[in-house]
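Trainee: Structure, please.
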Amino acid sequence: MPITWNDSVPIYRQLRERVVAMILDGALAEGDPLPSVRQVAADYQINPLTVSKAYQELVDDQLVEKRRGLGMFVIEGAREALLRSERERFLREEWPTLFARLQRLGLDLPTLLRHQPKEPDA
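Mentor: Numbering: from 1, shown residues only. The predicted structure follows:
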């Protein structure tokens, strides 16, 4: 599956966010291995150092662990920790702006619920 990188954000940050999304979505469960640095670099035609930097941030954030000779694995509790931090970040950074826009547009909760986006077909 081809990836389009956003030029305004470093690739290692975008890659980190993709792994975070996979953990939150359940595509990567606790104990699951991450794809190898070499494999990701080859698949997305990026520098292995870029992948290593993204993975190191995940280690620093205590979401994955290095197992010598085995690779990187999602740690137990990673999804819950991510849910907490992402919810806090959303409420702190995104919600105030979104709430203000909803008020300006006169949208209320019943209207929003009537217009829920449909789930994409799997």
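
Trainee: Would you map out the domains in this structure?
Mentor: As assigned by automatic domain parsing, the chain contains the domains 11-74, 78-114.

Trainee: so N6 sits right up against E17, yeah?
Mentor: No - using Cβ atoms under 8 Å, N6 is not in contact with E17, being 10.0 Å away. C-beta: built from backbone N, CA, C; applies to glycine.

Trainee: thinking again about what came up before, please identify the most buried of the domains of the chain.
Mentor: domain 11-74 (a mean of 16; mean count of other Cβ atoms under 10 Å).

Trainee: and that one, what's its mean pLDDT?
Mentor: Mean pLDDT, computed over domain 11-74, is 95.

Trainee: what distance separates that domain from the centre of its chain?
Mentor: Offset of domain 11-74 from its chain centre (Cα atoms, centre = their mean, to the nearest Å): 11 Å.

Trainee: What separates the first and last residues of stretch 27-38, distance-wise?
Mentor: Taking Cα to Cα, to the nearest Å, stretch 27-38 runs 20 Å from one end to the other.

Trainee: Residues contacting that stretch, please?
Mentor: With contact meaning Cβ atoms under 8 Å, 6 or more residues apart in numbering, stretch 27-38 is reached by 19, 22, 43, 48, 51-52, 55, 58, 64, 70-79.

Trainee: try 6 Å this time
Mentor: Applying Cβ atoms under 6 Å, 6 or more residues apart in numbering, the contact partners of stretch 27-38 are 22, 48, 51-52, 71-74, 76.
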